[in-house]
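Peer 1: missing the sequence, but the structure's below:
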């Protein structure tokens, strides 16, 4: 389940999944995918869990689950950079819940409370 090392000692773990959307009668819509990437990132005792969902509005050339993974990694990197900078400036604990940006289909949870769910 390990995916890769991220910046400043964070490690990313996760799993992709992919499927097809359904019509009202329950048949698959071939050109409309649903893809997700779920998992967690950790550094020392800090852990963040996430789920990133993509629901296609039209046909796409790439697999939705891989797009979800890529988009999550991009957004997570931005969030971690912001959080690390804030921590260095304040000298306090890493307070990720103050740094999350609104991202469609992205939910983040800390080990203690809901951080952000969009």
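Peer 2: Structure received. Quick caveat: nothing in here was measured; it's all calculated off a predicted structure. Residues are numbered from 1 along each chain as shown.
Peer 1: list the buried ones in stretch 39-52?
Peer 2: Within stretch 39-52, the residues scored as buried using 16 or more other CB atoms under 10 Å are 39-43, 48-52. In this view, the C-beta of every residue, glycine as well, is placed from N, C-alpha and C.
Peer 1: switch those over to TSV; also include distance to residue 3, secondary structure and pLDDT.
Peer 2: Converted to TSV, those look like this (distance: CB to CB, whole Å; DSSP: H, G, I helix; E, B strand; the rest coil; pLDDT from 0 to 100):
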residue	distance to residue 3	secondary structure	pLDDT
39	7	strand	92
40	10	strand	91
41	9	strand	90
42	12	strand	89
43	14	strand	88
48	14	strand	84
49	14	strand	87
50	12	strand	88
51	15	strand	89
52	13	strand	91
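Peer 1: now what about stretch 22-41, what contacts it?
Peer 2: With contact meaning CB atoms under 8 Å, 6 or more residues apart in numbering, stretch 22-41 is reached by 1, 3, 6, 10-21, 47-60, 63-69, 72, 76, 80.
Peer 1: how does it look with 6 Å?
Peer 2: 10, 12-21, 47-49, 51-56, 59, 64-65, 68-69, 72 (CB atoms under 6 Å, 6 or more residues apart in numbering).
Peer 1: which of the residues you listed are buried, as a PyMOL select command?
Peer 2: Restricted to buried positions by 16+ other CB under 10 Å, the PyMOL selection for those reads:
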select buried, resi 10+12+14+16+48+49+51+52+53+54+56+64+65+68+69+72
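Peer 1: out of the contacts of stretch 22-41, list just those in strands.
Peer 2: Of the contacts of stretch 22-41, the ones assigned to strands by DSSP state E are 12-21, 47-49, 51-55.
Peer 1: could you give the bridge partners of the residue nearest to residue 17 when sequence neighbours are not counted?
Peer 2: Once flanking residues are discounted, residue 17 sits nearest to residue 36: 5.0 Å by CB to CB, 6 or more residues apart in numbering. With DSSP bridges as the criterion, residue 36 is bridged to residue 17, residue 53.
Peer 1: okay, now residue 36: neighbour count?
Peer 2: 21 (other CB atoms under 10 Å).
Peer 1: what's the pLDDT at it?
Peer 2: Looking at residue 36, its pLDDT reads 93.
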